[in-house]
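Enquirer: no sequence on this one, just coordinates:
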């Protein structure tokens with residue numbers, strides 16, 4: 001009996017940098033001023049670690065005054081399934 005089964009799906013963590021003039025419900029990849037994304041192992045990882053990444057970047061000075069962040073999490077299908 002093999003313990004290896006089909007690999008589980010991964011997730012894409014997407015952080016949108018949105019202008020404060022845009023309502024949070026309306027902010028999406030089409031109107032965000034910047035979009036950052038990476039693959040993560042699970043849904044919880046979609047929300048972890050972004051604060052430090054943004055704070056250390058050039059975007060960090062504008063967040064809160066001119067922009068805000070919106071985090072999305074999307075399932076990415078494993079191609080072997």
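Expert: Nice, I can see it. Quantities reported herein were computed from a predicted structural model and do not represent experimental measurements. Numbers count the residues shown, from 1 in each chain.
Enquirer: Need phi/psi at residue 63.
Expert: Per-residue torsions, residue 63: phi -60, psi 130 (degrees, to the nearest 10).
Enquirer: Kindly state the beta-bridge partners for it.
Expert: residue 67 (DSSP bridges).
Enquirer: Quick check, it in contact with residue 17.
Expert: Yes: under the criterion of CB atoms under 8 Å, residue 63 makes contact with residue 17 at 7.3 Å. C-beta here means a position set from N, CA and C on the backbone, and glycine is covered the same way.
Enquirer: so what sits against both of these two?
Expert: Listed contacts common to residue 63 and residue 17 are 54, 69; contacts here mean CB atoms under 8 Å, 6 or more residues apart in numbering.
Enquirer: who's more crowded, those two?
Expert: More crowded of residue 63 and residue 17, by other CB atoms under 10 Å: residue 17, with 20 against 17.
Enquirer: Roughly how far does the more buried one sit from residue 69?
Expert: Taking CB to CB, to the nearest Å as the criterion, residue 17 is separated from residue 69 by 6 Å.
Enquirer: Quick check: neighbours shared by the two?
Expert: Residues within reach of residue 17 and of residue 69 at once, by CB under 8 Å, 6+ apart, are 54, 63.
Enquirer: Need the contact partners of the helix or strand encompassing residue 52.
Expert: Assigned by DSSP states H and E, residue 52 belongs to helix 50-56. Contact with helix 50-56 is made by 13, 15, 17, 36, 60, 63, 69, 71, as judged by CB under 8 Å, 6+ apart.
Enquirer: Lovely, talk soon.
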